[in-house]
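Enquirer: mind folding the following:
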Amino acid sequence: MSLIPNFRRNSIFDLDLWDPFREIQFPSSSLSTFPEFPRENSAFINTRIDWKETPEAHVFKADLPGLKKEEVKVEIEDDRVLQISGERKIEKEDKNDKWHRVERSSGKFSRRFRLPENAKVDEVKAAMENGVLSVTVPKAEVKRPDVKAIEISG
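Expert: Just a heads-up that it's a prediction; the model follows:
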């Protein structure tokens, strides 16, 4: 086992990301009992979510291919914490099946975001289309303080 990645490429399939822990066996890992299943399945745990702010709202987008809306939860907790979570279950095995490679991710994920004070947490909307979850959190108008000009005498 080398701690330095090999950058020589023998084929197009060698372009996988280098994982320095791939060859290490972790006793508590359920995958260590099945060496034919790579540790790549943990990628789903680190679901990437985009957060953009528009003049009207905060918009969160997550790619969740293969998940149904019933398998995803969107919650507001502790007043202003948005939590997006879900689970993709491992496909059931048939004893006659022979797996050559398991690359699709499975497992649970949970991401939490503290929303700013101007978020209207009572008006959050979520939609799922073509495997992309969109969560829209409208923004409250920031009340500008009234400014009154004072004439200076003298």
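Enquirer: pLDDT on stretch 95-103, on average?
Expert: Per-residue confidence for stretch 95-103 averages out to 82 on the pLDDT scale.
Enquirer: kindly check the end-to-end length of that stretch for me.
Expert: One end of stretch 95-103 to the other measures 19 Å (CA to CA, to the nearest Å).
Enquirer: swap in stretch 109-127?
Expert: The first and final residues of stretch 109-127 sit 18 Å from each other (CA to CA).
Enquirer: buried residues, it. List them.
Expert: For stretch 109-127, the neighbour count (16 or more other CB atoms under 10 Å) marks Phe109, Arg111, Phe113, Leu115, Ala119, Val124, Ala126 as buried. Using the backbone N, CA and C atoms, a C-beta is placed for each residue, glycine as well.
Enquirer: with stretch 71-88 instead?
Expert: By 16+ other CB under 10 Å, the buried positions in stretch 71-88 come out as Val72, Val74, Leu82, Ile84, Gly86, Arg88.
Enquirer: using PDB, list the CA coordinates for it.
Expert: Extracted as PDB, the C-alpha positions of stretch 71-88 are listed here (Å, rounded to 0.1, in the frame of the first residue of the first chain):
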ATOM      1  CA  GLU A  71     -37.600   9.200   0.500                       C
ATOM      2  CA  VAL A  72     -36.500  12.800   1.200                       C
ATOM      3  CA  LYS A  73     -37.300  15.000   4.200                       C
ATOM      4  CA  VAL A  74     -37.100  18.800   4.400                       C
ATOM      5  CA  GLU A  75     -37.500  20.200   7.900                       C
ATOM      6  CA  ILE A  76     -37.100  23.500   9.700                       C
ATOM      7  CA  GLU A  77     -35.900  23.000  13.300                       C
ATOM      8  CA  ASP A  78     -34.700  25.200  16.100                       C
ATOM      9  CA  ASP A  79     -36.500  28.200  14.500                       C
ATOM     10  CA  ARG A  80     -34.000  28.800  11.600                       C
ATOM     11  CA  VAL A  81     -32.200  25.600  10.800                       C
ATOM     12  CA  LEU A  82     -33.000  23.900   7.500                       C
ATOM     13  CA  GLN A  83     -32.400  20.200   7.400                       C
ATOM     14  CA  ILE A  84     -32.400  18.100   4.200                       C
ATOM     15  CA  SER A  85     -32.200  14.400   4.800                       C
ATOM     16  CA  GLY A  86     -33.000  11.100   3.200                       C
ATOM     17  CA  GLU A  87     -31.800   7.500   2.400                       C
ATOM     18  CA  ARG A  88     -31.100   5.400  -0.600                       C
END
